[in-house]
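Novice: fold the following.
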Amino acid sequence: MDFSQILEKYKIQLGIGLGGLILLGLGVIFFRLNSANKPKIEIISSDSSQSAATIFVDIQGAVEKPGVYELPANSRINDLLIRAGGLSASA
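Specialist: Got it, this is the predicted structure:
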């Protein structure tokens, strides 16, 4: 049996195998390109001594003076409500 007879006999199997290899190669290329475009996430741990001394809080809705307020980092919601003039009459 020469090469042309083998090729003719197994034409369908060779075509399916070659098509599978092409699809596999395209899949590998696609996933490598896709994973290369993902943003790098860097986790930075901070010490408690470096934490912010103040925070900015935006309050809207049924308060007398809605807006953005600067408060100490350990403030509570009640502190914010006092700074915003308390709840409005419609609250």
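
Novice: just to be sure, Val57 is in a helix?
Specialist: No. The assignment for Val57, made by DSSP: H, G, I helix; E, B strand; the rest coil, is strand rather than a helix.

Novice: what about the helices in this structure?
Specialist: For the chain, the helices defined by DSSP state H cover 3-9, 11-36, 77-83.

Novice: highest average neighbour count across these?
Specialist: Each of the helices of the chain was given a mean neighbour count from mean count of other C-beta atoms under 10 Å, and the largest, a mean of 13, is that of helix 77-83. Backbone N, C-alpha and C define where each C-beta goes, glycine included.

Novice: how far off centre is that one?
Specialist: 33 Å (C-alpha atoms, centre = their mean, to the nearest Å).

Novice: packing partners of it?
Specialist: strand 54-59, strand 67-72 (3 or more C-beta pairs under 8 Å, 6 or more residues apart in numbering; DSSP states H and E).

Novice: contacts for that helix next, please.
Specialist: Contacts of helix 77-83 from elsewhere in the structure, counted by C-beta atoms under 8 Å, 6 or more residues apart in numbering, are 57, 59, 63, 69, 71-72, 87.

Novice: tabulate the residues you listed (JSON lines), appending pLDDT and neighbour count.
Specialist: Conversion of these to JSON lines gives the following (pLDDT from 0 to 100; neighbours: other C-beta atoms under 10 Å):
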{"residue": "Val57", "pLDDT": "94", "neighbour count": "15"}
{"residue": "Ile59", "pLDDT": "93", "neighbour count": "16"}
{"residue": "Val63", "pLDDT": "92", "neighbour count": "17"}
{"residue": "Tyr69", "pLDDT": "95", "neighbour count": "17"}
{"residue": "Leu71", "pLDDT": "94", "neighbour count": "14"}
{"residue": "Pro72", "pLDDT": "92", "neighbour count": "10"}
{"residue": "Leu87", "pLDDT": "91", "neighbour count": "12"}
